[in-house]
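Enquirer: how does the following fold in three dimensions:
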Amino acid sequence: MRKYQAVIIGGGSAGLSAAVTLKENGIEDIVVIEKDSEPGGILEQCIHNGFGLQTFHEQLSGPAYAERYVNMAKKLNVDFKLNTMVTALHPDRTIEYVNSTEGYVTIQADAVILAVGCYERPRGAVNIMGTRPAGIYTAGQAQRYLNIDGYLVGKKVFILGSGDIGLIMARRMTLEGAKVYGVAEIMPYSNGLPRNIKQCLEDFNIPLYLSHTVTRVYGRDRLEKIELSQVDEHRQPIPGTQQYFDIDTLLLSVGLIPENHLAEKAGIVMDPRIKGPVVDDTYMTSVPGIFACGNGLHVHDLVDFVSLQAKRAALGAVRYLKQQTPHGKEYHTTPGEGIGYVVPARVHCDINDNVEFFFRVRKPMETGTLEVRCGDKVLRKMQKHKLMPSEMERMVITGKELAAMNDDLVFSVREDQ
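Expert: All right, here's what the predicted structure looks like:
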């Protein structure tokens, strides 16, 4: 059985960043396994700009951002297995994969980095009454058809969900000549970044229907009409508020879910709040030697943060391979008042490095006070304007502060009056 120092599952933005970091830190015997025909992941279909501001300090398109990392990986002689599907991951870091040239293969690794990305919530997960006509797609499906395959999926379009992909596709479909009748969001606030609300909807006069959802679709062979209803505070349709739109296409942008069937089969402990693995400050999961990062860990807003987190996971893998992982007392991080989740979920008191924590607030706040407590001690407190669930927050706790921990860390936010 072929054994590698490190195997990276997934060749998107997280996998590329992890591979480059491993090579730069002296880990030579690595391989990246990618199911698609080329590395880059979802970036290849994201032809709009806005990528790379944090990483490269300039605006790039998705393919251009991916190309930067692919070129770095090639210069470092990173080995890729493309068109290859991983079918199983075991706790002993044995990996089974299949492709058309090698057939069914089993390999083993000293360290595994899960950079598996996420998938879109499909129509089956949304309670929409009606028939099953053609013309209903996830926003990501429509984006791939248009930007890679060159097919316009419809001319009269409505979008359910105000996630960033849905907002971007509202603009993209409009630019290609389709008529976008509106975007509906079941929550009383948008789930997309403010810049996408401005650039993709307001600049093109596309209506945003907050506290609304699609309650029924009509059509036999092709979608013909949808029913849009207002919802109450419990997200239930309000009778008598129905509106109807004659359309041929409905795009769904109703959430992203980390792809973690491999992690679950490997017995890795999962966090139900993020639907990804529980990781420590080195991004190692509950199974020694298996690390997780990127959208397969928790859904990010910006690809730059995916690359940054993958770099840290790779550095954690380097420490593990060199037997330099922290062994001090371990504490948990807990989402307190107003916080949805915190990553990483565990932290060692002897990490010796600063640790950056990622978290999201539960509701929009004009001004709020973020606070991190360790028992009765306040480690960090800061006031911030325009807090949104759609924008991930970050906070750094120093190694010195972590070394003095004697209790779990609790993250909370209170809205300022």
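Enquirer: for residue 83, the count of nearby residues, please.
Expert: 13 (other Cβ atoms under 10 Å). No exception for glycine: its C-beta is placed from N, CA and C like everyone else's.
Enquirer: residues in contact with it?
Expert: By Cβ atoms under 8 Å, 6 or more residues apart in numbering, the contact set of residue 83 is 34, 35, 36, 37, 99, 100.
Enquirer: gap between it and residue 94?
Expert: Going from residue 83 to residue 94 by Cβ to Cβ, to the nearest Å gives 21 Å.
Enquirer: farthest residue from the center of the protein?
Expert: In the chain, counting by Cα atoms, centre = their mean, residue 240 sits farthest out from the average C-alpha position, at 36.9 Å.
Enquirer: in a strand, that's where it is, yeah?
Expert: No. Using DSSP: H, G, I helix; E, B strand; the rest coil, the assignment for residue 240 is coil, not a strand.
Enquirer: where do the strands sit along the stretch 301-417 of the chain?
Expert: 330-335, 339-343, 346-348, 355-361, 365-374, 377-387, 393-397, 409-415 (DSSP state E, counting those that start in this stretch).
Enquirer: could you dump the second one to CSV, C-alpha only?
Expert: I take that to be strand 339-343. Taking C-alpha atoms only, strand 339-343 is exported to CSV below (Å, rounded to 0.1, in the frame of the first residue of the first chain):
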residue,chain,number,x,y,z
ILE,A,339,-23.5,34.0,18.8
GLY,A,340,-24.3,31.1,16.5
TYR,A,341,-21.0,29.2,16.5
VAL,A,342,-17.3,29.6,17.2
VAL,A,343,-14.4,27.9,15.3
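Enquirer: show me where the stretch 151-300 of the chain has its helices.
Expert: 164-175, 194-196, 261-265 (DSSP state H, counting those that start in this stretch).
Enquirer: looking at those helices, spot the one closest to residue 371.
Expert: Of all the helices of the stretch 151-300 of the chain, it is helix 194-196 that lies closest to residue 371, at 24.0 Å by Cβ to Cβ.
Enquirer: residue contacts, residue 278?
Expert: Residues near residue 278 by Cβ under 8 Å, 6+ apart: 268, 269, 270, 271, 285, 286, 345, 346.
Enquirer: try 7 Å this time
Expert: Residues near residue 278 by Cβ atoms under 7 Å, 6 or more residues apart in numbering: 269, 270, 271, 285, 286, 345, 346.
Enquirer: my guess is the third one contacts residue 343. True?
Expert: No. Checked against Cβ atoms under 7 Å, the pair residue 271 and residue 343 is beyond contact range at 8.2 Å.
Enquirer: who has more neighbours, these two?
Expert: Shown here are residue 271 and residue 343; by other Cβ under 10 Å, residue 343 has more neighbours (24 against 17).
Enquirer: so what touches stretch 46-53?
Expert: Residues outside stretch 46-53 that contact it (Cβ under 7 Å, 6+ apart): 58, 59, 60, 61, 62, 63, 65, 147, 168, 303, 304.
Enquirer: filter those residues down to the ones in helices?
Expert: Among the contacts of stretch 46-53, the members found in helices (DSSP state H) are 62, 63, 65, 168, 303, 304.
Enquirer: which of these has the largest number of neighbours?
Expert: Highest neighbour count within the ones in helices among the contacts of stretch 46-53: residue 303, with 28 neighbours (other Cβ under 10 Å).
Enquirer: and the pLDDT at that residue?
Expert: Turning to residue 303, the model gives it a pLDDT of 94.
Enquirer: residue 378: how many residues sit nearby?
Expert: Residue 378: 10 surrounding residues under other Cβ under 10 Å.
Enquirer: check contacts around the residue most central in space within the chain.
Expert: Nearest to the mean C-alpha position of the chain, counting by Cα atoms, centre = their mean, stands residue 299 at 2.4 Å. Residue 299 makes contact with 118, 256, 258, according to Cβ under 7 Å, 6+ apart.
Enquirer: which residues are in contact with stretch 89-109?
Expert: Around stretch 89-109, the neighbours that count as contacts under Cβ under 7 Å, 6+ apart are 1-4, 6-7, 33, 81, 83-88, 112, 262, 265-267, 287, 289-290.
Enquirer: list the buried residues in it.
Expert: Neighbour-count burial for stretch 89-109 flags 89, 90, 93, 94, 95, 97, 105, 107, 109 (criterion: 16 or more other Cβ atoms under 10 Å).
Enquirer: any chance of the contacts of residue 299 in CSV, plus pLDDT?
Expert: Putting the contacts of residue 299 into CSV (pLDDT from 0 to 100) gives the following:
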residue, pLDDT
118, 95
256, 93
258, 95
